[in-house]
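Peer 1: Make a model of this:
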Amino acid sequence: GPGIPEAVAETLFEQGELGPESSGTGIGLYIVSTLVERYDGSVHVEDGIDGGAAFVVSLRLAESAPSAAAATRFSTTDFRPRAIHRAVWRRHW
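Peer 2: Residues are numbered from 1 along each chain as shown. This is a model prediction of the structure:
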């Protein structure tokens, strides 16, 4: 793809932000940003190697391996996008 213009990239992670030809809700990258920041990480967009865009998420590694309970707490089988959607919107209203 053509990538993301710098002016758009500056606001891309804000709630409700949509690209010029987007058919989405404008909440996906906002949720990513909110979750990553909650874990003291960062997320940004870069130009892709062959065009397009790359989203880079940086998180700190744990100093020791997590316990089995902590490792299973965030299982992908428990992922509920609607619950996260409601939680994020409720937090700001």
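Peer 1: From here on, just use CA atoms for contacts and neighbour counts.
Peer 2: Will do.
Peer 1: element containing His44, please.
Peer 2: Taking DSSP states H and E as the definition, one finds His44 inside strand 42-47.
Peer 1: Helix or strand next in line after that strand, which one?
Peer 2: Using DSSP H and E, the helix or strand that directly follows strand 42-47 along the chain is strand 53-58.
Peer 1: hang on, the earlier thing: in the strand holding His44, what counts as buried?
Peer 2: Taking 16 or more other CA atoms under 10 Å as the basis for neighbour counts, the residues of strand 42-47 that come out buried are Ser42, Val43, Val45.
Peer 1: Next: stretch 49-57.
Peer 2: Neighbour counts using 16+ other CA under 10 Å place Ala53 of stretch 49-57 among the buried residues.
Peer 1: what about it, average pLDDT?
Peer 2: Per-region confidence: stretch 49-57 scores 84 on mean pLDDT.
Peer 1: what's that stretch in contact with?
Peer 2: Contact with stretch 49-57 is made by 1-4, 36, 41-48, as judged by CA atoms under 8 Å, 6 or more residues apart in numbering.
Peer 1: what's the span of it from first residue to last?
Peer 2: Distance between the two ends of stretch 49-57: 17 Å, counting by CA to CA, to the nearest Å.
Peer 1: What segments of the chain are helices?
Peer 2: 6-9, 28-38, 68-73, 81-92 (DSSP state H).
Peer 1: Comparing those helices, which yields the minimum mean pLDDT?
Peer 2: When these are compared by mean pLDDT, helix 81-92 comes last with a mean of 46.
Peer 1: The strand holding His44 pairs with which strands?
Peer 2: On the basis of DSSP bridges, the sheet neighbours of strand 42-47 come out as strand 53-58 (antiparallel).
Peer 1: Give me the angle between the strand it pairs with and helix 28-38.
Peer 2: Between the axes of strand 53-58 and helix 28-38, defined by axes from the mean of the first three to the mean of the last three CA atoms, to 10 degrees, the angle is 20 degrees.
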